[in-house]
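K.L.:
After the sequence you'll find the predicted model.
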Amino acid sequence: MKDSENVMLIPKIKLGIVIDHIPAGDGIKVLEIITRHEEMHEVVVSLGQNYKSKKLGRKDLIKLQMDYLSPEIIQHISLVVPGVTIKAVKNYDVHSKVVAHPPKEIKNLLVCKNPNCVTNLESHIESYFTAVDKEIKTVKCYYCERVFELHALEPNVD
Ligand code: CTP
Ligand code: ZN
């Protein structure tokens, strides 16, 4: 890499979370999920877009100045942008890496697209989807039994 290409990169961090391998353009979606969670409102966040990547060609990445990202937020991200890598940095070293895959059972995180589904008619009934295929590309609503592409479903905003 030439020196001139280095200038705009976000510096390495001493302590924090890096959300890596986000397909270019999807960083903003991950950011949107993060901002929806109350506990993230005061966290220092940096978004990098269109970084060069061997795996993806171009990628986005996000750095968070915090030492712990809750499993709920990781799960939420995995539903909207599957396959990102969550890296925890401690004392400048990447301490752990986890690839965020969508779970086989998705409770109360997505909205069913069927307007007549009981989860949309009764506010106290939480949505519940189960995976149809191994890759978790399609999911089925437990209540109305309709099948949807995972990427077509909107996240639940409380
Ligand atoms: N990173 C950081 N601060 C550190 C260490 C790493 O901000 N102290 C960031 C780097 O900027 C990089 C990302 O974490 O964007 C990935 O680091 P690492 O896992 O070491 O990189 P690779 O080995 O290239 O990762 P992979 O093979 O998973 O693509
Ligand atoms: Zn339904």
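P.N.:
Perfect, I can see it now. Residues are numbered from 1 along each chain as shown. Ligands and ions are numbered 1, 2, ... in the order given.
K.L.:
Whichever residue of the chain sits closest to ligand 1: how many residues sit nearby?
P.N.:
Sorted by distance to ligand 1 under CB to the nearest ligand atom, the residues of the chain start with residue 12, at 3.6 Å. All C-beta spots, glycine's among them, are computed from the backbone N, C-alpha and C. By the criterion of other CB atoms under 10 Å, residue 12 has 10 neighbours.
K.L.:
Skip the chain neighbours and tell me the closest residue to it.
P.N.:
Nearest residue to residue 12, sequence neighbours excluded (CB to CB, 6 or more residues apart in numbering): residue 92, at 6.2 Å.
K.L.:
That neighbour reaches residue 14, doesn't it?
P.N.:
Yes. Using CB atoms under 8 Å, residue 92 makes contact with residue 14 at a distance of 5.6 Å.
K.L.:
coming back round to it: now do the contacts for the residue nearest to residue 12.
P.N.:
12-14 (CB atoms under 8 Å, 6 or more residues apart in numbering).
K.L.:
ok, it to residue 11 distance?
P.N.:
11 Å (CB to CB, to the nearest Å).
K.L.:
Which stretches in the chain count as helices?
P.N.:
Secondary structure of the chain (DSSP state H): helices at 3-6, 27-36, 71-80, 118-121.
K.L.:
Deepest-packed of these, please.
P.N.:
When the helices of the chain are scored by mean count of other CB atoms under 10 Å, the highest mean neighbour count falls to helix 71-80 (a mean of 19).
K.L.:
Alpha carbons of it, as CSV, please.
P.N.:
Provided in CSV are the C-alpha atoms of helix 71-80 (Å, rounded to 0.1, in the frame of the first residue of the first chain):
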residue,chain,number,x,y,z
PRO,A,71,-25.1,-10.8,22.1
GLU,A,72,-28.5,-9.1,21.3
ILE,A,73,-26.9,-6.4,19.2
ILE,A,74,-24.6,-8.9,17.5
GLN,A,75,-27.7,-11.0,16.7
HIS,A,76,-29.6,-8.0,15.4
ILE,A,77,-26.7,-7.1,13.1
SER,A,78,-26.4,-10.7,11.8
LEU,A,79,-30.1,-10.6,10.7
VAL,A,80,-29.6,-7.5,8.5
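K.L.:
Quick one: mean pLDDT over that helix.
P.N.:
Helix 71-80 carries an average pLDDT of 91.
K.L.:
who in the chain is up against ligand 1?
P.N.:
12-13, 18, 20, 61, 63, 85, 87, 89, 92, 94 (CB under 6 Å from any ligand atom).
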